[in-house]
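Enquirer: could you work out the structure for the sequence below:
(4 chains, ligands or ions: 4)
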Amino acid sequence: MAAHESRLHIPPSPARPGEPPDFSYLKTSPAGSVPRPEITAPLVTIEPLASEMVRVLDDAGTAIGPWNPHLDPEDLQVGLRHMVLTRRFDDRMLRIQRQGRITFYLKSSGEEAVSVAGAMALRPDDMLFPSYRNQGLYIARGRSLVDLMCQCLSNTRDMCKGRQMPVLYHWGSGNIFSISGNLATQFPQAVGWAMAAALKGEDRLASSWIGEGATAEADFHHALTFAAVYQAPVILNVVNNQWAISTSQKIAGGELSTFAARGPGYGIPGIRVDGNDFLAVYAVMQWAAERARRGNGPTLIEHVTYRASAHSTSDDPSRYRPQEEGRAWPLGDPIARLERHLEVLGAWSADRQDRLEKELDAHIVECWREAATYGTPSEGPSLDPMTLFEDVFKEMPKSLARQRDELKALLGG
Amino acid sequence: MAAHESRLHIPPSPARPGEPPDFSYLKTSPAGSVPRPEITAPLVTIEPLASEMVRVLDDAGTAIGPWNPHLDPEDLQVGLRHMVLTRRFDDRMLRIQRQGRITFYLKSSGEEAVSVAGAMALRPDDMLFPSYRNQGLYIARGRSLVDLMCQCLSNTRDMCKGRQMPVLYHWGSGNIFSISGNLATQFPQAVGWAMAAALKGEDRLASSWIGEGATAEADFHHALTFAAVYQAPVILNVVNNQWAISTSQKIAGGELSTFAARGPGYGIPGIRVDGNDFLAVYAVMQWAAERARRGNGPTLIEHVTYRASAHSTSDDPSRYRPQEEGRAWPLGDPIARLERHLEVLGAWSADRQDRLEKELDAHIVECWREAATYGTPSEGPSLDPMTLFEDVFKEMPKSLARQRDELKALLGG
Amino acid sequence: MPQMNLVQAVNSALDVMLGRDPSVVVMGEDVGYFGGVFRCTEGLQRKYGEHRVIDTPIAEGGIVAAAIGMGVNGLRPVAEIQFADYVYPAFDQIVSELARLRYRTAGEFSAAVTVRMPCGGGIRGGQTHSQSPEGIFTHVCGIKVVMPSNPYDAKGLLVSSIEDDDPVIFFEPKRIYNGPFDGDWHKPAVPWSTHSKGDVPAGHYTVPLCRAEIVRTGADVTILAYGTMVHVAEAAVRLAGVDAEIIDLRTLVPLDTDTMCSSVCKTGRCVIVHEATRFSGFGAELSATVQEECFWHLLAPIQRVTGWDTPYPHAFEWEYFPGPARIAAAIKTVMEAS
Amino acid sequence: MPQMNLVQAVNSALDVMLGRDPSVVVMGEDVGYFGGVFRCTEGLQRKYGEHRVIDTPIAEGGIVAAAIGMGVNGLRPVAEIQFADYVYPAFDQIVSELARLRYRTAGEFSAAVTVRMPCGGGIRGGQTHSQSPEGIFTHVCGIKVVMPSNPYDAKGLLVSSIEDDDPVIFFEPKRIYNGPFDGDWHKPAVPWSTHSKGDVPAGHYTVPLCRAEIVRTGADVTILAYGTMVHVAEAAVRLAGVDAEIIDLRTLVPLDTDTMCSSVCKTGRCVIVHEATRFSGFGAELSATVQEECFWHLLAPIQRVTGWDTPYPHAFEWEYFPGPARIAAAIKTVMEAS
Ligand SMILES: Cc1ncc(C[n+]2csc(CCOP(=O)(O)OP(=O)(O)O)c2C)c(N)n1
Ligand SMILES: Cc1ncc(C[n+]2csc(CCOP(=O)(O)OP(=O)(O)O)c2C)c(N)n1
Ligand SMILES: [Mg+2]
Ligand SMILES: [Mg+2]
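Expert: Ligands and ions are numbered 1, 2, ... in the order given. Next up is the predicted model:
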């Protein structure tokens, strides 16, 4: 059974370290070229959108075509601010992790538009079921950075009471669901949430995000099946950032078909969008939200983007992809592209950008300073270990109380 | 939360007892109308076949169109014989169950073409991963009825040594995999088997069958994903017999899209075929087999058929569907349609049909007589209960041997 | 008082809860129009509508996931798994999500989901319609595990489970759906109407979770059982002719160790009975706990009587089933030990 | 003899088996080009090709299902689950299929699949990168369950597992991938080169399944442990200053009851240690078995020292972890009991 006799197809390897980056597999559409169907359009009319790519911003930074959401410059500036804050927050937290002050971190760099435009296109009472790479949702909905930092620190103000790894946030009052360490589980949960909203006759929708790698999990199938059967008011987002740790999107099933294309097979419109184009993401999310609100059911959206950083602080991408790959990514950087667009609109400048960055950096530093007062590994107050026995059940059973007392005695408490 | 306020979509109920049968939802294509693409054709060319319906036999019983497999009358007669034997075997076993001589039974009536034509279109060394409603595969591959009956009897010749419910057969040397009580599990296993065949450079393929209801299980998604990624030589068959116990195929996700349509979303050709048309099933299976053998990868086939009998002997379909529904089924009966075709060819007659049925009935009776000599619940030899401890592991661990000895002592052995 | 079998008791609990609480929904395979393959949901869809009693696709993992989402959105879903043998596709959603949601969010999110499923053998179901996987779930912290042994408890415990804010896995021993089976399969079936626990109030009432019941007081030996095996234990005690105390655990998690251990400390002897396979079954935890709590009172080794460590064979159900003879033998062993 | 850490030992076992047996294939998430997130498959794809060391989609259920199909077709797949915490999506294929295939076909079909996965806490992984779910698998009849405590055993047991015709779940305690961690997380890390079991032959050898090892002989108390906890138990024994016998179980199913029970019968005392949660954990089975076999020799109640019955908290790993102090306390308790 030598390799050469084998007929087993292995998807072609992406460019590996030492090889030139190769994105020849990526199919894009020119900005403005893809039609925008009515939200009530029959599935067959929408089907081509699963293999095309909705794009609004052209190379010159102009917004064109039927998907242009015609946002005010003020709104775009807000979007830009959220994206920049997300990126700089990520960068700072990475440095903090490298200094050993938090145990782990995971950036969303290069993918900020997916979360920020997504959150802005929805209403605050729509329920979000994110993956671990959607910190932009928190930023766009205005969660205090201090709270996010305290979670990463597992300190006395940690919303998770020290139980979750960094970035696995949640936000009840902000309508953002808990992030699971187990991939994809949130996808069908979002569908159930949306079914309940419909069942109660409420005008709220759910939106969930997973990576393209995670689409291979059972949960993806359950989500699509249940969403289709009950026409749940849900937006199912696949964030195709080309990589799942070390394996390319081809290993996830992206070689012969797009991830958006899964949708029509289940009776769900699938739309592929340039995930680094803030306006396109906004427009597509808005379209899907409108559909859901009008009772036209779920939409599957594939956001084509690029994971610009390592998978996480436990990862070293130089082992499996060319260092220059990010620079070769054909869809550019979402922040730079929106800046450019605002410049074209005459609503932005290098100077403003500079000031914005400084302002946000200062804000981040200040937040960190505050967060640290609630405890860091080396100083400040620390969470009471006895809390580890709480919340297993709503009320602590006797047996667990005994275990708590045992630990208390052991710690000399 | 009164029902009228709810916006949750519930797929429209099928015709229920007391209502007239309603198959208006069923989309068919005229016989001969659907083109037959080359097996190397690109996916987009094949895609329409997922919503059309491949049919060869027209209402007059003539075989027409590009999918006509041009089988010899002799082969057709063999196919007819297998189908009739399958049906009459099913009928006899049902009566035997009603007499309390076996504990359970499950018929495939109305769906015989799916299995028989399927098996005939493949090679004997292709590996089959059936569901519980594929007894025609065993018949077409020539497994002795005595063996099948002994399994249903859990007697001394039971291939399962009394461990499985009736009909959960397997056949190592006949290349038919074990039937699981757990729905859909065989689907991705077949893909793994096919991957191994390709890996070893063998020229064998795998074919698996599940019900449309079972497509909602995770295994369906895993099968399609792995088959697509590795281009495994596998035929994935969905037998859409309109019902999953009491729920219609709409609850399984058939309202807005066909089951064949799931394929293209994963990059796998999907073909919808008239499952009651022996010639069409044969032709489509042959096409898919050819594709797999030539290294063109997997095919998903939806066989549109009708479950003419109860789900199983534990079921009473008059509780959930109109009694007359079967007669109203637009695609007729696979046996009657093949008979008609053979008559049109001048290769069959009512008289020959009559003789065939008598011959097969006599054969079945004789097989039952023999099977009964290997033990029935009321008489003849019986399986040694001590065998229940075998085959948990290849070698019996000490702890299990002790349990065996305990039972032996208890039974006074 | 109405007489109900265990199916009707379950149905009545669901009926009462659907009627009282608009946030309760019932969902599962064939539970809607058809009323469930064991008829536990019969008539409920007609009464409460397709939106409250929902037929689902055949995907246990999807059912539980959707139920979790609904629970997060304020509903109290009661999901049916058609057979306990088919719960494994939902295992990840139960273990990684349902059980841990409250913990990982420090109480900010939770889902009050009840997952019902028929379990146990003795109905000729072979290895995929006979399993008793409760032991596995008892090792998963964050879910409660319940198994009633009679209609009265079934209804009261199911109402408690649905009203409980924690997730509950609710096992229904299908061999006793229609009558209190005592392990003697030769005997004609006995209906619940012959049993005092077949008297079931029509309206709302609860049987508290986490409370075992002493169903027979005795001085010589304590028998710990639940579900079907409570009745089999009763038969075994008659057979053995000893003055046994039989405890019906009813809730396995959280476990009522006080009731069970004070009994064993009194009798000094203990036999544990379940239908599931022996190795690492729930009986192991019971034995370990009793041993820890009652060591100095124990007069003989604790015995476990369980299913053998094999799948449940179709042909040899009654050789497999831990019937009265095996239990009686174990009782004898602990009585004679010294 | 080469010195290896546990990662290298696993890698070497795979290397040896890929080299010797063309039917062996390695598969899993990131195991191919990258060599696995813990580097256990490093270099193997380069050496044996993309067809023998296969990167898979992220679908544990699909991985195990495909492995079963491959096994049926004569291969010996070694599937990696990236973390034991992520095995649950594969639970149905393992429990309903892999474990039961031989039984339900009376031996006509089987699949010699090995499923490897890193388990255990102490690496700041929080509740979804720290679990020890071995107890659950020990309740599933038809699969063997193995957990080594050192590089030498890891390689020998993994080779045995791959060569075994039954399915094996192979747990790798990730806290000891790089060194024999004894529970004192303040101390600088110790490499395997300091430990005699870090000497690992380069070629093929086996450590037999189902055989426990006495890693320290002693007269006063028997400590049953496996995986990481073997080293922690050693530290605890030093701390407690007793003459303890420490048994490394190595294979949990089938269990070497002879070795463990004859030790307890000798010492009369027993402490059971594992990192998994306590309730219905594997320690329960060990306790029940010891109690049954050694009752008349027991001088004190058997003690279990385990993880608490909560998920593994990110912030409080060392409060959660059953460290030397807790084990030493339990040893003291059993020594003093009377
Ligand atoms: C059920 C499960 N299996 C495996 C993992 C380990 N894991 C964490 S992230 C990851 C890759 C996910 O890739 P993708 O879905 O594309 O998301 P991305 O990281 O690119 O955003 C893997 C395999 C997990 N967390 N959960
Ligand atoms: C995992 C699992 N869930 C549920 C069942 C119970 N069950 C057996 S058959 C069946 C209906 C299957 O319908 P379909 O797949 O359409 O096949 P058909 O019976 O129509 O051939 C159900 C729900 C099962 N056997 N396995
Ligand atoms: Mg990705
Ligand atoms: Mg069906």
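Enquirer: shouldn't residue A:166 be within a helix?
Expert: No - according to DSSP: H, G, I helix; E, B strand; the rest coil, the state of residue A:166 is coil, so it is not within a helix.
Enquirer: OK, contacts around residue 88?
Expert: By default, I'm working from chain A. Under the criterion of Cβ atoms under 8 Å, 6 or more residues apart in numbering or on different chains, the contact partners of residue A:88 comprise A:357, A:360-361, A:364. (Glycine included, C-beta is placed from N, CA and C.)
Enquirer: wait, chain C was what I had in mind.
Expert: Shown here is residue C:88, whose contacts under the criterion Cβ under 8 Å, 6+ apart are B:182, C:60, C:133, D:91-92, D:95-96.
Enquirer: could you verify my assumption that residue A:247 touches residue D:31?
Expert: No - taking contact to mean Cβ atoms under 8 Å, the distance of 9.6 Å between residue A:247 and residue D:31 leaves them out of contact.
Enquirer: which neighbours do those two have in common?
Expert: residue D:55.
Enquirer: who's more crowded, these two?
Expert: Legend: neighbour count by other Cβ atoms under 10 Å in any protein chain shown for residue A:247 and residue D:31, higher for residue D:31 (28 against 24).
Enquirer: report the separation between the residue nearest to that one when sequence neighbours are not counted and ligand 4.
Expert: Closest residue to residue D:31 apart from its sequence neighbours, by Cβ to Cβ, 6 or more residues apart in numbering or on different chains: residue D:41 at 4.3 Å. Here the distance between residue D:41 and ligand 4 works out to 41 Å (Cβ to the ion, to the nearest Å).
Enquirer: so how far is residue D:53 from residue D:41?
Expert: Distance, residue D:41 to residue D:53, using Cβ to Cβ, to the nearest Å: 6 Å.
Enquirer: neighbour count for the two, which is higher?
Expert: Comparing residue D:41 with residue D:53 by neighbour count (other Cβ under 10 Å), the higher total belongs to residue D:41, at 29 against 26.
Enquirer: what does the model give that one for pLDDT?
Expert: Each residue has a pLDDT score; the one for residue D:41 is 98.
Enquirer: re earlier: contacts only, for the residue nearest to residue D:31.
Expert: Counting by Cβ under 8 Å, 6+ apart, residue D:41 makes contact with D:11, D:14, D:26, D:28, D:31-32, D:35, D:53, D:80.
Enquirer: which ones among those residues are found in helices?
Expert: Cross-referencing the contacts of residue D:41 against helices under DSSP state H gives D:11, D:14.
Enquirer: check the contacts of residue D:41 against ligand 4 and report the nearest one.
Expert: When the contacts of residue D:41 are ranked by distance to ligand 4 (Cβ to the ion), residue D:28 comes first, at 33.8 Å.
Enquirer: enumerate every residue touching that closest one.
Expert: By Cβ under 8 Å, 6+ apart, residue D:28 lies in contact with D:36, D:41, D:54-56, D:63, D:79-82, D:116.
Enquirer: make it 10 Å
Expert: Residue D:28 sits next to D:36-37, D:40-41, D:53-56, D:58, D:60, D:63, D:67, D:77-82, D:115-117 when contact means Cβ atoms under 10 Å, 6 or more residues apart in numbering or on different chains.
Enquirer: and what of residue C:125?
Expert: Contact partners of residue C:125, counting by Cβ under 10 Å, 6+ apart, are B:103-104, B:165, B:181, B:314, C:83, C:85, C:118, C:131, C:174-175, C:312, C:314, C:317.
Enquirer: next, count neighbours for whichever residue of the stretch 251-400 of chain A sits closest to ligand 3.
Expert: With Cβ to the ion as the measure, residue A:307 is the residue of the stretch 251-400 of chain A nearest to ligand 3, at 6.0 Å. Applying other Cβ under 10 Å, we find 25 residues neighbouring residue A:307.
Enquirer: the helices in the chain, which residues?
Expert: Assuming you mean chain A. Counting by DSSP H, chain A has these helices, from start to end: A:43-46, A:73-98, A:112-121, A:135-140, A:145-153, A:186-199, A:218-230, A:262-266, A:278-293, A:325-328, A:334-344, A:350-373, A:398-410.
Enquirer: actually, chain C is the one I wanted.
Expert: Along chain C, the segments classed as helices by DSSP H run C:6-20, C:44-48, C:60-72, C:91-92, C:101-104, C:134-138, C:151-163, C:228-240, C:257-267, C:282-294, C:317-320, C:324-336.
Enquirer: around residue 117, how many other residues sit close by?
Expert: Since no chain was named, I'll use chain A. That count, for residue A:117 with other Cβ under 10 Å as the rule, works out to 33.
Enquirer: you answered for a different chain; I wanted chain C.
Expert: Residue neighbour count, defined by other Cβ under 10 Å, stands at 24 for residue C:117.
Enquirer: skipping its backbone neighbours, what lies nearest the residue of the stretch 1-150 of chain C found nearest chain B in space?
Expert: Of the stretch 1-150 of chain C, the residue with the smallest distance to chain B, taken as Cβ to the nearest Cβ, is residue C:128 at 2.7 Å. Across the structure, with Cβ to Cβ, 6+ apart as the measure, the residue nearest residue C:128 apart from its sequence neighbours is residue B:181 (2.7 Å).
Enquirer: go on, residue C:272?
Expert: residue C:283 (4.4 Å).
Enquirer: for that neighbour, which residues are in contact?
Expert: With contact set as Cβ under 10 Å, 6+ apart, residue C:283 has these partners: C:135, C:224-225, C:271-274, C:276-277, C:302-306, D:280, D:284-285, D:288.
Enquirer: contacts only, for the residue nearest in space to the middle of chain C.
Expert: The geometric centre of chain C, computed from its C-alpha atoms, lies nearest to residue C:147 (Cα atoms, centre = their mean), at 1.6 Å. Neighbour list for residue C:147: C:119-120, C:132, C:134, C:153-154, C:157, C:169-173, C:226-230, C:248-252, C:274, C:282 [criterion: Cβ under 10 Å, 6+ apart].
Enquirer: if we use 8 Å, what do you get?
Expert: With Cβ under 8 Å, 6+ apart as the criterion, the residues that contact residue C:147 are C:119, C:134, C:170-173, C:226-227, C:249-250, C:252.
Enquirer: cool, and residue C:214?
Expert: Residue C:214 touches C:245-248, C:259, C:263, counting by Cβ under 8 Å, 6+ apart.
Enquirer: dump these to JSON lines, plus distance to residue A:256.
Expert: Rendered in JSON lines, the data for these read as follows (distance: Cβ to Cβ, whole Å):
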{"residue": "C:245", "distance to residue A:256": "66"}
{"residue": "C:246", "distance to residue A:256": "62"}
{"residue": "C:247", "distance to residue A:256": "60"}
{"residue": "C:248", "distance to residue A:256": "57"}
{"residue": "C:259", "distance to residue A:256": "61"}
{"residue": "C:263", "distance to residue A:256": "65"}
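Enquirer: tell me the one among the contacts of residue C:147 nearest to residue C:105.
Expert: Nearest to residue C:105 out of these is residue C:170 (Cβ to Cβ; 23.9 Å).
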